[in-house]
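Asks: give me coordinates for this.
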Amino acid sequence: MAAADKDAATAGAQSVRRALAVLRVLATGQERGVRLTDVAAHTGLNRPTVHRILRVLVEESAVEQDLATRRYLIGGEVSLLGLARSARFPIRAIAEPHLRHLSESLGDTTFLTIRNGVDSVCIDRRPGSFSVKVLSIEIGARRPLGVGVSGLVLLASLQPEEAAEVVRRNARRLQALRIDPAELLERALRTRAQGYAYAPVGVVPGSRAVAVPVRMADGRTVAGLASATITERLPAERVPVVVAQMKEQAGQIAVQVAELARRRNGHRGNGHGEP
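Replies: Numbering: from 1, shown residues only. As a prediction, the model looks like this:
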């Protein structure tokens, strides 16, 4: 390959990576949207570059701009593309009855969150039966891995070297959230040791949250299972009881995920799997 062709390929790859970095930041804004200055701050790109990328993405319907607030949001094209792999996360279907069971038995909102690269993404939520519901994050909420109790159990599941690398890559975003990277790694170590994450002060003022990992038999953590409620309903002495119930459901989810994987592998081995 000629030097000019290599340079063009490198520039093209860089443009794609930058566009994806911008989209990931916009995803954190959900329906609120994100300001151009915040996109620049979180990606480390300068404002002219971000504005140029956003302009192209708007032209391709991958991004929308709210004309009233001037904030940018994920566009319809990205949402439609995602529908092409609607079965990509079978764990959501597997976990749904367990989320519902916990929300009914505990009375509080439950959440299912998975890791996606250096982020955590909430893929399901079930409001509790208690009259006051803590809906701290929406389905689709994306945050730096380690932020929130679910993200913390996911970060804690990584080996220390990998966790440190994730936090390093998220350092700019964490600092924007006023989270000290070193302190976050320390919390991850404590969470790993105790087997769950507990936040006496939740995302919503006057709330508390707790999360447990959905851990496979081989030690892999495939999701975080969380519950959020008002402060009065989760005193420190109740945490072990709630954690025990959540771990029971997380264990059942893990067994069903393993069974699904076994069946799929069996079909492929018999020549009936996808090519």
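Asks: could you pull out the helices for the stretch 51-200 of the chain?
Replies: Assigned by DSSP state H, counting those that start in this stretch, the stretch 51-200 of the chain shows helices spanning 76-82, 90-106, 148-156, 160-169, 171-176, 181-194.
Asks: which residues sit against the first one?
Replies: The contact list for helix 76-82, computed with C-beta atoms under 8 Å, 6 or more residues apart in numbering, reads 23, 60-64. (Each C-beta comes from the backbone N, C-alpha and C, glycine too.)
Asks: highest neighbour count among the residues you listed?
Replies: Val63 (24 neighbours; other C-beta atoms under 10 Å).
Asks: wait, doesn't that residue sit right on Gly75?
Replies: Yes - with contacts counted by C-beta atoms under 8 Å, Val63 reaches Gly75, the gap being 4.7 Å.
Asks: for Arg100, what are its contacts?
Replies: Contacts for Arg100 (C-beta under 8 Å, 6+ apart) come out as Arg126.
Asks: likewise for the one 3 residues further on?
Replies: Under the criterion of C-beta under 8 Å, 6+ apart, the contact list for Ser103 reads 109-110, 126-129.
Asks: so the closest residue to it other than its chain neighbours versus Ser227, what's the distance?
Replies: Nearest residue to Ser103, sequence neighbours excluded (C-beta to C-beta, 6 or more residues apart in numbering): Arg126, at 4.2 Å. Counting by C-beta to C-beta, to the nearest Å, the gap from Arg126 to Ser227 is 10 Å.
Asks: kindly report the same for Leu174.
Replies: Going from Leu174 to Ser227 by C-beta to C-beta gives 24 Å.
Asks: now Thr191
Replies: Thr191 is 15 Å from Ser227, by C-beta to C-beta.
Asks: with that, I have no additional questions.
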